[in-house]
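**Q** sequence and predicted structure are below.
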Amino acid sequence: MERFHYQSAAEALNDLKARGYTLDFNLAGDCLKCPQMQLQLHPQDFSIEEVYRFEGMSNQDDSSVVYGIASKSGEKGVLVDAYGVYADSMSPEMAAKLKESYR
């Protein structure tokens, strides 16, 4: 997994987009959805190529994670997640997929 160092989530997103991660993914329980392409990716359909964590300067509750995602069919995009915000609405398979990228 390639690693870059960014000062902010916005900086990471801009660079990832410049490097071809052009789609925006959203968590949808048991899959990632991309409204731009009407695409759904289940955990077995994508890999996490890059992950960057950011903590809020004044409030740790403002923490977020930026993922660089690649589908098995070649689409690339980003997912932004706040630490734990979606944990209750995520399938165990999706939670495990996202968690494995922290190793």
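**A** Cool, the structure landed. Residues are numbered from 1 along each chain as shown.

**Q** hey, let's count contacts and neighbours off CA atoms from now on
**A** Will do.

**Q** lowest mean pLDDT among the helices and strands, pick that one out for the protein.
**A** helix 92-100 (a mean of 85; mean pLDDT, DSSP states H and E).

**Q** next, the buried residues of that helix.
**A** Buried residues in helix 92-100, counted by 16 or more other Cα atoms under 10 Å: 94-95, 97.

**Q** pretty sure Phe25 sits against Met37.
**A** No. Using Cα atoms under 8 Å, Phe25 is not in contact with Met37; the gap is 10.1 Å.

**Q** for those two, indicate the residue with more neighbours.
**A** Using other Cα atoms under 10 Å as the criterion, Phe25 and Met37 rank with Phe25 on top: 23 against 10.

**Q** for the helix or strand the more buried one falls within, give me every contacting residue.
**A** Using DSSP states H and E, Phe25 maps to strand 23-27. With Cα atoms under 8 Å, 6 or more residues apart in numbering as the test, strand 23-27 has contacts from 32-36, 75-80, 86, 90.

**Q** 10 Å instead?
**A** The contact list for strand 23-27, computed with Cα atoms under 10 Å, 6 or more residues apart in numbering, reads 17, 31-37, 39-41, 67-70, 75-81, 86, 89-90, 94.

**Q** please apply the same query to stretch 40-47.
**A** By Cα under 10 Å, 6+ apart, the list of residues contacting stretch 40-47 reads 25-34, 67-76, 91, 93-98, 101.

**Q** what comes up buried for that stretch?
**A** 40-43, 46-47.

**Q** packing partners of the least confident helix or strand of the chain?
**A** If you count contacts as 3 or more Cα pairs under 10 Å, 6 or more residues apart in numbering; DSSP states H and E, helix 92-100 packs onto strand 46-54.

**Q** repeat that with 7 Å
**A** When contacts are defined as 3 or more Cα pairs under 7 Å, 6 or more residues apart in numbering; DSSP states H and E, helix 92-100 packs onto no helix or strand at all.

**Q** residues making contact with that helix?
**A** Residues outside helix 92-100 that contact it (Cα atoms under 7 Å, 6 or more residues apart in numbering): 30-31, 43.

**Q** and the strand holding Phe25, which strands flank it?
**A** strand 32-34 (antiparallel), strand 76-82 (parallel) (DSSP bridges).
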